[in-house]
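Peer 1: Everything below, folded, please.
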Amino acid sequence: MSLTKVAFRALPVTEPPIPEGGGRIFTPAGELAQILNGQAFAFVAYVEFLPNASQPRGNHYHLAKTEMLYVITGHLKAVYKELDSGLTEARTLSSGDLVTILPGCAHVYYALEHTRTIEISDTRYDPADTLPFRLDDS
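Peer 2: Got it, this is the predicted structure:
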């Protein structure tokens, strides 16, 4: 069985115009990554991950929030656990990866190197919707 509350995809490297589902363009001026186009969002945050940090980021789940994480640069080890099915998956995320995490899926991230990301949600941030759940890095 595979996870149903997490969707993984790498934004394709493409040429202009960027396709409807998003993509990345590399030019002499730098990279342009179109992550969303037409979807409404209520929360956007820049999240940095430092290697050898004293603790990982995450170790929680949400009851209502659907969260998207786009990796700008770097590599993360990610662990996801669906609370209803008990299924767990560990995966390495890299630059250009876009992950969508549905409510009821615990998640934790370990920086394998200095990593920069953007977190996006169609739900406004509510601290009461971030519930602790300890995951290990296996």
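
Peer 1: Quick check, Thr66 in contact with Thr100.
Peer 2: Yes - shown here, Thr66 and Thr100 form a contact pair, counting by CB atoms under 8 Å, at 6.7 Å. Any C-beta I mention is one placed from the backbone N, CA and C, and that applies to glycine too.

Peer 1: what sits in contact with each of the two?
Peer 2: Applying CB atoms under 8 Å, 6 or more residues apart in numbering, one finds that no residue jointly contacts Thr66 and Thr100.

Peer 1: wait, what's in contact with Tyr110?
Peer 2: So Tyr110 contacts Phe49, Pro56, Leu76, Lys77, Ala78, Asp137 (CB under 8 Å, 6+ apart).

Peer 1: Spit out the contact partners of the residue lying closest to it once chain neighbours are set aside.
Peer 2: The shortest distance from Tyr110 to any non-neighbouring residue, by CB to CB, 6 or more residues apart in numbering, is to Lys77 (4.3 Å). By CB under 8 Å, 6+ apart, the contact list for Lys77 reads Ala90, Arg91, Thr92, Leu93, Tyr109, Tyr110, Leu112, Asp137.

Peer 1: Send over the helix or strand hosting Lys77 as PDB, restricted to the C-alpha atoms.
Peer 2: Using DSSP states H and E, Lys77 sits in strand 75-82. The C-alpha trace of strand 75-82 is given here as PDB (Å, rounded to 0.1, in the frame of the first residue of the first chain):
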ATOM      1  CA  HIS A  75      18.000  18.200   0.300                       C
ATOM      2  CA  LEU A  76      15.700  17.000   3.100                       C
ATOM      3  CA  LYS A  77      15.000  13.700   4.600                       C
ATOM      4  CA  ALA A  78      11.200  13.600   5.000                       C
ATOM      5  CA  VAL A  79       9.200  11.100   7.000                       C
ATOM      6  CA  TYR A  80       5.400  10.900   6.700                       C
ATOM      7  CA  LYS A  81       2.900   8.800   8.700                       C
ATOM      8  CA  GLU A  82      -0.800   8.600   7.900                       C
END
